[in-house]
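# sequence and predicted model, in that order:
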Amino acid sequence: MKKVLSWLGSCAKSTGKLLKGVVVQGSYMADTTAENTQLSIAANAALEEKRQEMRLAELQLGYLRHKESQDFQADQAKVSYERALEKAQLDNQYAMKLQEFVKSVDYAIHQEGIKFQKWRLQQEQGLQLELQNHRQAFEREMAAYQRQTAIKVAREQIEIQKIFQNWPLKILPTQLLESPPDDGYIPIKVFIAPPKFPKGFPSLEEDLVTALKDFLKNYNHQGRLVEFLDGAWENERFSGGASIKVLFGMLNSNPILVLEPEILTNYLNLNVAYWGLGQKRHFYEPIISKMPYRDILFDSAKERAKEWQKHIEKLLNSSAKNLEEIKKIYGQEIQRNFQLLQDEEELKKTDIDISQLGLKYTINEKDIHELYQVIITANCLISGLLIDTYYLNHYGLPPLLPKLLPDLLQDIPDNKIVVEVVQWVVEGYRSIYEVLQDERSHQIPELGLQLAKNLAFLPDNSLAKEQVNYSIQSWLGIHGISQLEAIEDTQLMKSVIDVADEDFLNMLSQCLASLGKENSLAEADALLSIWHNLKFQGDIKVDKKGPTLFWEIS
């Protein structure tokens, strides 16, 4: 378990790259929209209206940022904005709305600097949220339109017969496409390709299915709909990139996650296929690749040998049996492993590279169970990350996996390994946040704090504290401040903190409380202190509960 989870932690960069790609592909920028959906939009008035609303919000946000830019950046922003305007092709109704917005920005920019900055931040936050809502509505409308088109194609195309010759599922495409989505969220469908294992290994599929069912229930209970279709895969003959391509060709309008674990002669692999709403291509990547699984088996065998030695000592002290009689009870296999372990410990004291000696411990069902627990944990982790990515990217819902980590990792005795796995998860979310920075920068500080609060279960709170600092830096960045030390500048903070920051600051306070006083952060404490003082002194006259303390007293 230890070696594999350490190795899993080292996969963070490749997983982060995958997650970034997933989020980027899910975003409907203007050029992508024009390229992929022109014919669909022309045939569907509802889609065209959604596109117009989305483009208007994009142009408004672009103009606002163009006006805020300086010197060379301003020239570049102006050129980018004018090009976007040419491509937008807004109807008269939306063009007039854009003109009215431009006038309001030009008027506001002549106000006092601080007032304009606060006005700009409010406008930017509102436009980001509006753009997010328009994009999500467009994606849902497009998914519904594509679903209907796909049904028609599935029924009418002559080549459908050829597709079915290579169709990997027991369920027909129309059965999946015609299942009506919930009025709220479109559920993501999860499949398991039958695990491939060498002869002599017991089947993993039943245990993996049971564990995933239990794990994914957490998402459905929290309103993140997941449709786990176990047993839907035809057989092992259908696997790999070709089968995934066939699936994507027919089901690209449905969000899909496919898990494909396999053990080859010497290595463990976990391939993952994923696509969300509105993606023009699918992702099929190895999350775990060529991991030497025998290390897990041998580590487990070594632990059993160590436990055997402890049992021998206890029996010698508590029974009348001699050593030879006790050894007969346990059999030769465990004795051989213990002798091999002693030899290995002796060799470690020399300059000999024991990895080249090919020491082979005898394994049993317990060791295989340990290996399978690692595979199950890895499948749950990557499923959680990608389902969180789907619901964050398309519906703005905060990640759920961090809350589930304590239960998921409770059987891992080594706290160091728990921290490494959590670090892998945190870096995965950081990758997602980086991609969302341009479109949803105002959400990232609170998302970071939610993640920090959920990491408080760790005995070592360093990861949670790092997330708190990351959130504060993101919040400062929204206000145009790049240095964390700027928090000490009371006058600067006085000009920055506003009623709109109340949710973030309240969440920051709750997060620090969950971490405890012994894990306090100077920057966070200073920021909260300034906030409370501004409310007490009347610089912030009203919060979401009404008049602040100073104004109530007066």
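Now that the structure is in, tell me what you want to look at.
# and the helix or strand harbouring residue 451, how far out from the chain's middle?
Using DSSP states H and E, residue 451 sits within helix 444-454. From the chain centre to the centre of helix 444-454 is a distance of 13 Å (CA atoms, centre = their mean, to the nearest Å).
# can you check stretch 492-504 too?
Here the centre of stretch 492-504 is set off from its chain's centre by 29 Å, with CA atoms, centre = their mean.
# which parts of the stretch 51-200 of the chain are strands?
188-192 (DSSP state E, counting those that start in this stretch).
# buried stuff in the helix or strand that comes right after the helix holding residue 451?
Counting by DSSP H and E, the element after helix 444-454 in chain order, helix or strand, is helix 462-478. Of the residues in helix 462-478, 463-468, 470-476, 478 count as buried by neighbour count, 16 or more other CB atoms under 10 Å. For the C-beta atoms, the positions are set from N, CA and C on the backbone; glycine is no exception.
# hmm, which two among those are most spread apart?
463 and 478 (23.1 Å; CB to CB).
# pick out the residue nearest the middle of the protein.
residue 385 (3.7 Å; CA atoms, centre = their mean).
# and the angle from the host helix or strand of it to strand 188-192?
Using DSSP H and E, residue 385 maps to helix 365-395. Per axes from the mean of the first three to the mean of the last three CA atoms, to 10 degrees, the angle that helix 365-395 makes with strand 188-192 is 160 degrees.
# angle of helix 365-395 against helix 444-454?
Using the same axes, to 10 degrees, helix 365-395 lies at 150 degrees relative to helix 444-454.
# how about helix 365-395: buried residues?
Neighbour-count burial for helix 365-395 [16+ other CB under 10 Å]: 367-368, 370-395.
# name the next helix or strand following it along the chain.
helix 401-408.
# show me what that next one is in contact with.
Contacts with helix 401-408, where a contact means CB atoms under 8 Å, 6 or more residues apart in numbering, come from 215, 218, 377, 380-381, 384-385, 387-388, 421-422, 425, 429, 450-451, 454-455, 457.
# now it: buried residues?
Buried residues in helix 401-408 (16+ other CB under 10 Å): 401, 402, 403, 404, 405, 408.
# how far does the next helix or strand along the chain from it sit from the chain's center?
Sequence order places helix 415-440 as the next helix or strand after helix 401-408, per DSSP H and E. Counting by CA atoms, centre = their mean, helix 415-440 is centred 7 Å from the centre of its parent chain.
# what about helix 415-440, average pLDDT?
The average of the pLDDT scores along helix 415-440 is 78.
# and it, what does it pack onto?
If contacts are counted by 3 or more CB pairs under 8 Å, 6 or more residues apart in numbering; DSSP states H and E, helix 415-440 sits against helix 2-9, helix 12-26, helix 113-156, helix 365-395, helix 401-408, helix 444-454, helix 462-478.
# ok, now with 6 Å
Applying 3 or more CB pairs under 6 Å, 6 or more residues apart in numbering; DSSP states H and E, one finds that helix 415-440 makes contact with helix 2-9, helix 12-26.
# ok, of the ones you listed, where does mean pLDDT dip lowest?
For the helices and strands packed on helix 415-440, where the average pLDDT is lowest is helix 2-9, sitting at a mean of 50.
# which helix or strand contains residue 511?
helix 502-515.
# buried residues, that helix. List them.
By neighbour count with 16+ other CB under 10 Å, helix 502-515 contains the buried residues 502, 504, 505, 506, 507, 508, 509, 511, 512, 515.
# okay, the last one: pLDDT?
Read that as residue 515. 85.
# before we move on, back to that, distance from the chain centre to the helix holding residue 385, please.
With CA atoms, centre = their mean, you get 12 Å for helix 365-395.
# mind checking the SS state of residue 286?
Three-state call for residue 286 (DSSP: H, G, I helix; E, B strand; the rest coil): strand.
# could you dump the buried residues of helix 462-478 to JSON lines with pLDDT and distance to residue 271?
Below are those laid out as JSON lines (pLDDT from 0 to 100; distance: CB to CB, whole Å):
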{"residue": "463", "pLDDT": "86", "distance to residue 271": "28"}
{"residue": "464", "pLDDT": "88", "distance to residue 271": "32"}
{"residue": "465", "pLDDT": "90", "distance to residue 271": "35"}
{"residue": "466", "pLDDT": "91", "distance to residue 271": "31"}
{"residue": "467", "pLDDT": "91", "distance to residue 271": "30"}
{"residue": "468", "pLDDT": "92", "distance to residue 271": "36"}
{"residue": "470", "pLDDT": "92", "distance to residue 271": "31"}
{"residue": "471", "pLDDT": "92", "distance to residue 271": "34"}
{"residue": "472", "pLDDT": "92", "distance to residue 271": "38"}
{"residue": "473", "pLDDT": "91", "distance to residue 271": "36"}
{"residue": "474", "pLDDT": "91", "distance to residue 271": "33"}
{"residue": "475", "pLDDT": "91", "distance to residue 271": "38"}
{"residue": "476", "pLDDT": "90", "distance to residue 271": "40"}
{"residue": "478", "pLDDT": "88", "distance to residue 271": "38"}
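# Throw those residues into CSV and include distance to residue 282, thanks.
Shown next, in CSV, are the buried residues of helix 462-478 (distance: CB to CB, whole Å):
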residue, distance to residue 282
463, 32
464, 35
465, 38
466, 33
467, 31
468, 36
470, 31
471, 33
472, 37
473, 34
474, 31
475, 35
476, 38
478, 34
